[in-house]
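# let's see this in three dimensions:
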Amino acid sequence: MVTGPAFACVSARADASASAPTLLFRLRVADPTPEGVHMMALRCQLRIEPRRRGYSDGEAVLLSDLFGERSRWGETLRPMQFAQVSTIVPGFSGSTEVDLPVPCSYDLEVAAGKYLASLDDGEVPMLLLFSGTVFVRTGTVPAGEGMAVRLVPWQCEAQFALPVATWRELMDMWFPGAGWLRLRRDTLRALQVFKSTHGLATWDETVDRLLKEAPG
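Predicted coordinates for the structure are as follows:
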């Protein structure tokens, strides 16, 4: 009896040639169809599963914006969406490997971005959930040129531990030694006025000055 495809994520790396911050997740795809797979239109939902790792006290302070105080984490440490992407897996027999490009954001207003920016080291526990359509060859017509279509079963998934160092490498490609914070237009205008009024040269100096003047 032919069963459905199986998936594993074997590695991840920063894509140095992409036009925007992108991680390449390397997938191993196997399918036991004797005639082989003609093509697979694959969809993947990537989730972060924060319960599957421990956190230092410093990380816990930064994560309080997301999860509250550590004493509440039993209730608040829930999976969060990282990305939802699609790709085409070319034809193969038995098994193959393919890169899954995943665009990434450093926006600290996005829960996943805030979570990743709060981690010092270690790994990010992830779950990849697969769906899509498999086009398989069949031998029902002369020369075995028939085609059958079936769905990727809903239970197809794979766990992966993304190294925090890989995420940092990606961010350093695009924002070397820096981060990215989205502000409302009126807030940015007020900062610009403060910067000009005090004769400050950079935005770093502006925020630094405000932090020093803020009550402890």
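# tell me how far the residue nearest the centre of the chain lies from F194.
With the centre of the chain defined as its mean C-alpha position, the nearest residue by Cα atoms, centre = their mean is F82, 4.6 Å away. According to Cβ to Cβ, to the nearest Å, F82 stands 36 Å off from F194. From N, CA and C alone the C-beta is placed, and that goes for glycine too.
# now do the strands in this protein.
With strands called from DSSP state E, the chain shows them at 6-14, 22-31, 37-48, 80-92, 94-103, 123-138, 146-151, 157-163.
# separation between the spatially closest residue to V164 that is not a sequence neighbour and G54?
Take V164 and drop its neighbours on the chain: the residue closest to it by Cβ to Cβ, 6 or more residues apart in numbering is L119, 4.9 Å away. As for L119, its distance to G54 is 11 Å (criterion: Cβ to Cβ).
# out of those two, which sits in the busier spot?
The residue with more neighbours, out of L119 and G54, is L119; 20 against 7, by other Cβ atoms under 10 Å.
# how many other residues sit next to V37?
Applying other Cβ under 10 Å, we find 23 other residues in the vicinity of V37.
# which non-adjacent residue is nearest it?
Excluding its sequence neighbours, the residue lying closest to V37 (Cβ to Cβ, 6+ apart) is D31, at 5.0 Å.
# ok, now how distant is that neighbour from R47?
With Cβ to Cβ as the criterion, D31 and R47 are 24 Å apart.
# and for R185?
R185 sits 32 Å away from R47, going by Cβ to Cβ.
# and the two? which has more neighbours close in?
Between R185 and R47, R47 has the larger neighbour count (other Cβ under 10 Å), namely 19 against 7.
# hey, what's that one bridged with?
Beta bridges link R47 to Q81, L127, judged by DSSP bridges.
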